[in-house]
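1. 3D model of this:
(2 chains)
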Amino acid sequence: MNILVIAEHDNANLKGATLNTIAAAKEIGSDITLLVAGSDIASVISEAQQLNGITKILNCDNDLYKNSLAEELSNLVVSLASSFSFILAPATTFGKNLLPRVSAKLDVQQISDIIAIESEDTFKRPIYAGSCIATVKSNDAVKLITVRSTAFDPVANDNSDVPVESVEASNSANISEFVSEELAKSDRPELTSANIVISGGRGMQSGDNFHLLDSIADKLGAAVGASRAAVDAGFVPNDYQVGQTGKIVAPDLYIAVGISGAIQHLAGMKDSKVIVAINKDEDAPIFQVSDYGLVSDLFNALPELDSKL
Amino acid sequence: MKILVPLKRVVDYNVKVRPLPDNTNVDLNNVKMSVNPFCEIALEEAVRIKEAGNAEEVIAVTVGKSESQEQLRTALALGADRAILVETESLLEPLAIAKVISKVVEEENPDLIILGKQAIDGDNNQTGQMLGALLDYPQATNASEVMLDDSNVTVTREIDGGLQTLKLNKPAIVTTDLRLNEPRYASLPNIMKAKKKELTVKNVNDLGIDVSPRTELLSVELPPSRDAGIIVESVDELVDKLKNEAKVIG
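-> Numbers count the residues shown, from 1 in each chain, chains lettered A, B, ... in the order given. Have a look, this model is predicted:
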């Protein structure tokens, strides 16, 4: 049962979702190889060498993979695929962009966004924005899978000193090029890995009012998120979006402020350990999933909460 | 320039989908069907490119049952010039759909293919990327901005940490995210005109490709439910509960 996990990283550090993906791989088998492809990735390799649960690291250090272009990276993964019966990637924008391209080249029907492993060919995954959970059996000889990171606890760092093997780059597809990247700069934790998330919805009324959340987030060490309604209304950028079409989060504490609780939003946060809802509409569906509800005008409740933390 | 927009008939966004009583599948009896919302965004983008004078023709294509003609008529009312239905009675998986669309691409030779990043039924997020692999075309998924010049398409994409801009050789594949545009509504005159536009029906069996399923759906269940908790009376009580009962803040 040879399993290949494709690491997501930024050429300096591994992304957290890689650790959850390795955890999912461990539920399938024990022979796990991690592919790290990028440019100038020595620090990523040494970080990966410490991880629990992997038996080997494939290092492909080449400029071609600097920006994780799917056209290039998919060729590399396809060139390595014959040694593996499972290929896993995180169900992040990185993995979602890459893995279907590999699947089609290998003539495999990928299983997306799994939340549980029933057996080596059977998996659970959410469908219809999380309204239902499907149990799906794959009959392909090779399984290609993206993993929802919130469903698997990350593997630990146990100073294991995993062996590294270098692999050759593939021929360049040379049909796309990277132009630029504009990454949101924030001192706060990333949404998908934060222990506490505070999100605003349409009830925030404007982007300016999100500073009411910022101040509380800073005191709690929380990340700030938003509902799709707040993104659609232009209050905040799309990378704030929590929900089926945005990010899936499962922090210890999720505070939903001025969010009514549409199914598409719930799909992105209902696995949080503790959910708090602050909304002035006592009939808002968000109260049906919250552990603690506060029926109050957020413009009164937020400054008070801020002052009491 | 020619733009192909593959789209999908799905359960309407507002329908609350439930499993069948025997848990063999979801219950789709008598529910409203619509064009997948991300596909509407894709069509809107194609129509805007044409309206800006940068494309001559927009073709909508779908793979599905005969009823999918309804969604193609909607696409024609929204500005597509003609439509193609590749008819099949079975529900195809993304890989099979990508194979069918790649055959349509071989016939039509579009310069640009714009489609939704995912359909809101299976939530797979695969078809565009698979089509890219089958055709060896470059891809830009989760697009929030599309700019064209003679030989390239430059796309800004929504990625987890922010935005990324890529430049693709044409022909290229773009999949749409929410903020790319806000789709229009079809006007009554355009709905009338759409009835006279060309809609070609082909059969999937005539394409000579293997579309047999690779996966089996074993069961469909409701997700574990979450019970409602308590309503607190004040911010003080909330802070107290979070500190001393849930112990999630210090």
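
2. those helices in the chain, which residues are they?
-> Using chain A here. When secondary structure is read from DSSP state H, chain A shows helices at A:16-28, A:42-49, A:70-80, A:93-105, A:211-220, A:228-232, A:263-269, A:298-308.

3. think we crossed wires, I meant chain B
-> Under DSSP H, chain B gives helices at B:37-51, B:69-77, B:94-108, B:127-135, B:188-194, B:235-240.

4. ok, back up a step: need the winner for burial among the helices of chain A.
-> Stretch with highest mean neighbour count among the helices of chain A: helix A:93-105 (a mean of 27; mean count of other C-beta atoms under 10 Å in any protein chain shown). For glycine as for every other residue, the C-beta is placed from the backbone atoms N, C-alpha and C.

5. looking at the helices of chain B, which is buried most?
-> Mean neighbours per residue, mean count of other C-beta under 10 Å, is largest over the helices of chain B for helix B:127-135, with a mean of 27.

6. Please compute how far that helix lies from its chain's middle.
-> Centroid displacement of helix B:127-135 relative to its chain, using C-alpha atoms, centre = their mean, to the nearest Å, is 14 Å.

7. Does that helix reach chain A?
-> Yes - contact of helix B:127-135 with chain A (C-beta under 8 Å from any C-beta of the partner chain) involves B:127, B:128, B:129, B:130, B:131, B:132, B:133, B:134.

8. Off-centre distance for the helix or strand of chain A with the lowest mean pLDDT?
-> Across the helices and strands of chain A, the lowest-confidence element by mean pLDDT, DSSP states H and E is helix A:263-269, at a mean of 89. Distance of helix A:263-269 from the chain centroid (C-alpha atoms, centre = their mean) equals 15 Å.

9. Just give the nearest non-adjacent residue to the residue nearest the centre of chain B, would you?
-> Centroid-nearest residue in chain B, with C-alpha atoms, centre = their mean: residue B:116, separated by 3.2 Å. Closest residue in space to residue B:116, ignoring its immediate chain neighbours: residue B:38 at 2.7 Å, by C-beta to C-beta, 6 or more residues apart in numbering or on different chains.

10. what about the longest strand along chain B, distance to the chain center?
-> Secondary structure assigned by DSSP state E gives strand B:139-148 as the longest strand of chain B. How far strand B:139-148 lies from its chain's middle: 14 Å, per C-alpha atoms, centre = their mean.

11. Also stretch B:213-228?
-> Centroid separation between stretch B:213-228 and its chain, computed with C-alpha atoms, centre = their mean, is 22 Å.

12. Spell out which parts of the stretch 201-309 of chain A neighbour chain B.
-> By the criterion of C-beta under 8 Å from any C-beta, the positions of the stretch 201-309 of chain A lying close to chain B are A:220, A:228, A:231-232, A:237-239, A:244-245, A:247, A:252-253, A:263, A:270, A:273-276, A:282, A:287-296, A:301, A:304-305, A:308-309.

13. The longest strand of chain B relative to helix B:37-51, how many degrees between them?
-> Counting by axes from the mean of the first three to the mean of the last three C-alpha atoms, to 10 degrees, strand B:139-148 points 30 degrees away from the direction of helix B:37-51.

14. for strand B:139-148, which positions count as buried?
-> Within strand B:139-148, the residues scored as buried using 16 or more other C-beta atoms under 10 Å in any protein chain shown are B:139, B:140, B:141, B:142, B:143, B:144, B:145, B:146, B:148.

15. So what are the sheet partners of that strand and their directions?
-> Here strand B:139-148 is paired, per DSSP bridges, with strand B:152-159 (antiparallel), strand B:172-176 (parallel).

16. for those, which one ends up most surrounded?
-> Taking mean count of other C-beta under 10 Å, strand B:172-176 is the most buried of the strands paired with strand B:139-148, at a mean of 28.

17. so who does residue B:21 touch?
-> Residues counted as contacts of residue B:21 (C-beta atoms under 8 Å, 6 or more residues apart in numbering or on different chains): none.

18. what do you get if the cut-off is 10 Å, keeping everything else the same?
-> Listed by C-beta atoms under 10 Å, 6 or more residues apart in numbering or on different chains, the contact set of residue B:21 reads residue B:27.

19. quick one: it and chain A, what's the gap?
-> 13 Å (C-beta to the nearest C-beta, to the nearest Å).

20. Could you do residue B:3 as well?
-> From residue B:3 over to chain A the distance is 18 Å, taken as C-beta to the nearest C-beta.
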